[in-house]
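Peer 1: whatever this is, show me its structure:
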Amino acid sequence: MRPSARSETATGPGSGRARIAFLALLLVLSVAACGPPRERFRGMHTSPKALAEEFLRGLEAEDRPRLEALALSKQEFELEVFPEMPAYGNVPPGFAWSQLELRNFHGLSTVLASQGGRQWELEEMAFRGGATVYQTFTVHRRPMLRLRDRRTGERREMAFFGSLLECDGRYKLFSFNIDR
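Peer 2: Numbering: from 1, shown residues only. Coordinates of the predicted model:
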């Protein structure tokens, strides 16, 4: 028997390269299966001010769908927010959402009817109700906007929407409910 220039191991010829290729294939497949990371909350803004300014642009345009897109969706509320909020107790998530949705509809309708089309410029924003910290997000309550009407110069302090949700340093409207 003639000695081979290539050595064979107990696991077979070329097993080192085959093992590396197999592991590389597993890695590629696992990354592909995971896909891009899922965004917990869509359409978030980099600051409360950026969110408020987008709200004011939608209000000026009287664009209800644009404004509604700034707030939590049913899926976001039920899957991401509701499980961390003990205040809801034994209430089913669908019922809690229906109550929030009703208050949102009323709050947004009221603001659109009274302020839609106005050209407000945001000068300052403050939270008058503090913040509640949950496991993975924070809710900032009672935002007040100090505004200047770009047409008339009139200055006012107003509440146009309810709480803001903060997650990973980004912001989204929690609700349009401004009943206080």
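Peer 1: for the helix or strand hosting residue 100, packing partners?
Peer 2: When secondary structure is defined using DSSP states H and E, the element that contains residue 100 is helix 93-115. Helix 93-115 makes packing contacts with helix 48-60, helix 64-68 when contacts are defined by 3 or more C-beta pairs under 8 Å, 6 or more residues apart in numbering; DSSP states H and E. Every residue, glycine included, has its C-beta placed from N, CA and C.
Peer 1: could you redo the last one with a cut-off of 6 Å?
Peer 2: Helices and strands in packing contact with helix 93-115 are not found; criterion 3 or more C-beta pairs under 6 Å, 6 or more residues apart in numbering; DSSP states H and E.
Peer 1: now the element after that helix, going C-ward?
Peer 2: The first helix or strand that comes after helix 93-115 along the chain, using DSSP H and E, is strand 120-127.
Peer 1: where in the protein is pLDDT low?
Peer 2: Across the chain, the ranges flagged by pLDDT under 70 are 1-39, 179-180.
Peer 1: the residue sitting nearest the centre point of the chain: what secondary structure?
Peer 2: For the chain, the residue sitting closest to the mean C-alpha position, by C-alpha atoms, centre = their mean, is residue 41 at 2.8 Å. Classification of residue 41 using DSSP: H, G, I helix; E, B strand; the rest coil returns coil.
Peer 1: let me see the contact set for it.
Peer 2: With C-beta atoms under 6 Å, 6 or more residues apart in numbering as the criterion, the residues that contact residue 41 are 76, 167, 172.
Peer 1: the last one bridge partners, please.
Peer 2: Residue 172 has these beta-bridge partners by DSSP bridges: residue 165.
Peer 1: out of everything not next to it in sequence, what's closest to residue 56?
Peer 2: With C-beta to C-beta, 6 or more residues apart in numbering as the criterion, residue 56 has its nearest non-adjacent residue at 5.0 Å, and that residue is residue 120.
Peer 1: so how many other residues sit close to that neighbour?
Peer 2: 23 (other C-beta atoms under 10 Å).
Peer 1: hmm, back to that, how far does the helix holding residue 100 sit from its chain's centre?
Peer 2: Helix 93-115 has its average C-alpha position 18 Å from the chain's average C-alpha position, going by C-alpha atoms, centre = their mean, to the nearest Å.
Peer 1: and the contacts of it?
Peer 2: Taking contacts as C-beta under 6 Å, 6+ apart, the residues outside helix 93-115 that touch it are 59, 74, 77, 78, 82, 88, 160, 175, 176, 177, 178.
Peer 1: tell me the one of the contacts of residue 41 nearest residue 145?
Peer 2: The closest of the contacts of residue 41 to residue 145 turns out to be residue 172 (C-beta to C-beta; 16.6 Å).
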